[in-house]
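In: My questions concern the predicted model and sequence given below.
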Amino acid sequence: MEPDRARSRRSAPRTGGRAAVTAGAGPVRVVARLGAAAGRLRHRRAPLALVVGGLSSAGNFLLAVTVTRLETVGGVGRFAVAFSFYVLVSGLVRAMVTDTVLAAAAGAAPAARRATLVGVVAGGLVLAAGAATGSRYLLLAGAALPGLVLYDHAKAVALGVGAPRRALRQEGAWAALTVLAVLPGLLRLVGPETVFAGWAVGGALLGLVAAGRRGYGLLPGWSAGRTETRTALGFGAQFLVTTGSAQLALTAMAGLAGTAVVGALSAGRTILGPVNLVVSTASTLILPHLARTRDATTAVRTRAAVRLVLLVTAGALPMALAVALLPDGVGTALLGANWALAQGLLPLLALESLLAVPAAVGFAGLRIERASGRAVVVGVVLGVLRVPVVVAGAVLVGAGGAAVALVVMALLSALAWGRSYQLLLRRRAAERPLVAQPA
């Protein structure tokens, strides 16, 4: 019996110890598994975001090509102005409301009410403009804006801090509805305004459904404190002066130079859609590549930025040349009678698209350095210049003058952002403390 008791005593501690380790490791294993799952989600989020962006661009390209084929050049201009209001208001909601949610990773539901309020107010203004000008495109866009901004808010939150697959399903559904709206137009069964209505109403309804399923508030309201309200208004004003200035220039151009000028430019930009998609997709990869050289010398970081500009430009250049030299048969098949107006503008508009690459690299560099004040100054200066320069070119010379003005502004943007990043690197290098070398 004694050996049995000894054996029992020897085995008990081992069993108890093993059980204790297992019990103690439970929370550790759970945390480790959650961390691994979060890591996998982060890795999956980027490619899903690219797919969602590609679906969105493809749907917009299909809509624009169909409307351009069916419309007169003036009608294309009215469509472009209405679509620019959607882009402008969507970006405004992103700057005032959605980015706060993404930064805090919380508050998506109450923020949806603020997004709806901005959409309702802006939609009312667009409806009034549509009634005053007799533009059915503006009337349709104004009526759909509250649902459309909810759609973009829900998609951005899902991609940034939520479940990215929801955003993919959401964008896939809108792409399918866009195809259903476009097909009757391509078959000449319905007019361009009906096609636009199908696209806008489909997106608005999907926005309401997505917001409702996620428990977001659908009624407009502003449940934010004074500090948050001031911050939102500040970011909104900054957006309108900087990024939103391109849309404001288009609207001013339509009012002062006529919708035919806007229509010719929009027709050319429609056919350059694949080029702009390549540039915008590559731009999302610029930040992580530049960030890898954050601790390197100024010379190394400058070479990395130049290398990125050359690589992205080399990737987009063949497609830009192919579009600029597009045969008449292909251009007519895509744009219909408006091809004749857009063809002469394509080389200039393609150059504008390519000049966006160095501007994007310079801006990304300032983002990495967290030089927000410098970025605001550059953006405001360029935004204030863009509207009068582009509108003056359109009024004095027409669509060709506007295209030249767009190239001039793109060149100024590339030089301003690139030079600002270069000067910032030099200043940071001068401020870096010198390390004493051993004798």
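Out: Nice, I can see it. Residues are numbered from 1 along each chain as shown.

In: Please list the residues outside the helix or strand hosting residue 256 that contact it.
Out: Following DSSP states H and E, one finds residue 256 within helix 245-257. By CB atoms under 8 Å, 6 or more residues apart in numbering, the residues outside helix 245-257 that reach it are 77-78, 80-81, 84-85, 87-88, 91, 240, 261-262, 382-384, 386-387, 390-391, 394-395, 398, 402. Using the backbone N, CA and C atoms, a C-beta is placed for each residue, glycine as well.

In: List the buried residues in the helix or strand following that helix.
Out: Next along the chain after helix 245-257, taking DSSP H and E as the criterion, comes helix 259-271. Residues of helix 259-271 classed as buried: 259-271 (neighbour count, 16 or more other CB atoms under 10 Å).

In: which one of those sits closest to residue 210?
Out: Proximity of these to residue 210 (CB to CB) peaks at residue 270, which lies at 27.6 Å.

In: Once you drop chain neighbours, what's closest to the closest one?
Out: Once flanking residues are discounted, residue 270 sits nearest to residue 64: 4.2 Å by CB to CB, 6 or more residues apart in numbering.

In: Pull the contacting residues for that neighbour.
Out: Contact partners of residue 64, counting by CB under 8 Å, 6+ apart, are 79, 83, 266, 270, 273.

In: Residue 228 too?
Out: Per CB under 8 Å, 6+ apart, neighbours of residue 228: residue 100.

In: go on, residue 205?
Out: Applying CB under 8 Å, 6+ apart, we find residue 205 in contact with residue 147.

In: pLDDT value on it, please?
Out: Per-residue pLDDT puts residue 205 at 96.

In: got it, and residue 17?
Out: Per-residue pLDDT puts residue 17 at 43.

In: shouldn't residue 287 be in contact with residue 368?
Out: Yes. Under the criterion of CB atoms under 8 Å, residue 287 makes contact with residue 368 at 6.7 Å.

In: Comparing the two, which residue is more hemmed in?
Out: More crowded of residue 287 and residue 368, by other CB atoms under 10 Å: residue 368, with 19 against 15.

In: now that one: how far from residue 292?
Out: Counting by CB to CB, to the nearest Å, the separation of residue 368 from residue 292 is 10 Å.

In: cool, and residue 403?
Out: Going from residue 403 to residue 292 by CB to CB gives 37 Å.

In: In terms of helices and strands, where is residue 423?
Out: Going by DSSP H and E, residue 423 is part of helix 399-431.

In: Give me the angle between that helix and helix 245-257.
Out: With axes from the mean of the first three to the mean of the last three CA atoms, to 10 degrees defining the directions, helix 399-431 sits at 150 degrees from helix 245-257.

In: Counting neighbours, what do you get for the closest residue to residue 289 other than its chain neighbours?
Out: Closest residue to residue 289 apart from its sequence neighbours, by CB to CB, 6+ apart: residue 308 at 6.0 Å. Applying other CB under 10 Å, we find 22 residues neighbouring residue 308.

In: Please consider this matter closed, and thank you.
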